[in-house]
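give me a model of this one.
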Amino acid sequence: MTFDRITFDPEIMGGRACIRGMRIPVSILVRQIAHGATVDEVLADYPDLEAADVEQALQYAAWLTSEQILAG
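Numbering: from 1, shown residues only. Coordinates of the predicted model:
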């Protein structure tokens with residue numbers, strides 16, 4: 001999976017996963033959605049974002065939590 005909207009820059013937010021080089025960490029967006037915010041509410045809070053940014057943040061978070069099952 002390609003995450004072209006997720007960037008890592010040591011000069012921005014200490015290298016945390018952010019959206020398109022902005023100072024908006026993926027974790028903030030995921031946390032807002034997890035606490036019941038809608039995508040429209042997130043976009044209202046961060047006018048520089050696009051719906052695709054929020055969608056990719058959620059996809060990235062899901063990818064990070066993917067379980068690897070090892071046959072034993």
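
all helices of the protein, in order?
With DSSP state H, the ranges of helices along the chain come out as 26-34, 39-45, 51-64.

got those helices as JSON lines, with mean pLDDT columns?
As requested, the helices of the chain are exported to JSON lines (pLDDT from 0 to 100):
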{"stretch": "helix 26-34", "mean pLDDT": "97"}
{"stretch": "helix 39-45", "mean pLDDT": "97"}
{"stretch": "helix 51-64", "mean pLDDT": "96"}
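
these: which one's closest to Arg5?
helix 51-64 (4.5 Å; C-beta to C-beta). Any C-beta I mention is one placed from the backbone N, CA and C, and that applies to glycine too.

output that closest one in PDB with nothing but the alpha carbons.
C-alpha atoms of helix 51-64 as PDB (Å, rounded to 0.1, in the frame of the first residue of the first chain):
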ATOM      1  CA  ALA A  51     -11.000  14.300   2.800                       C
ATOM      2  CA  ALA A  52      -8.400  12.100   1.100                       C
ATOM      3  CA  ASP A  53      -5.900  13.100   3.900                       C
ATOM      4  CA  VAL A  54      -8.200  11.900   6.600                       C
ATOM      5  CA  GLU A  55      -8.900   8.700   4.700                       C
ATOM      6  CA  GLN A  56      -5.200   8.000   4.200                       C
ATOM      7  CA  ALA A  57      -4.500   8.700   7.900                       C
ATOM      8  CA  LEU A  58      -7.000   6.000   8.800                       C
ATOM      9  CA  GLN A  59      -5.600   3.600   6.300                       C
ATOM     10  CA  TYR A  60      -2.100   4.200   7.600                       C
ATOM     11  CA  ALA A  61      -3.200   3.600  11.200                       C
ATOM     12  CA  ALA A  62      -5.000   0.400  10.100                       C
ATOM     13  CA  TRP A  63      -1.800  -0.700   8.300                       C
ATOM     14  CA  LEU A  64       0.300  -0.100  11.400                       C
END
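
check the offset of stretch 9-17 from the chain's centre.
13 Å (C-alpha atoms, centre = their mean, to the nearest Å).
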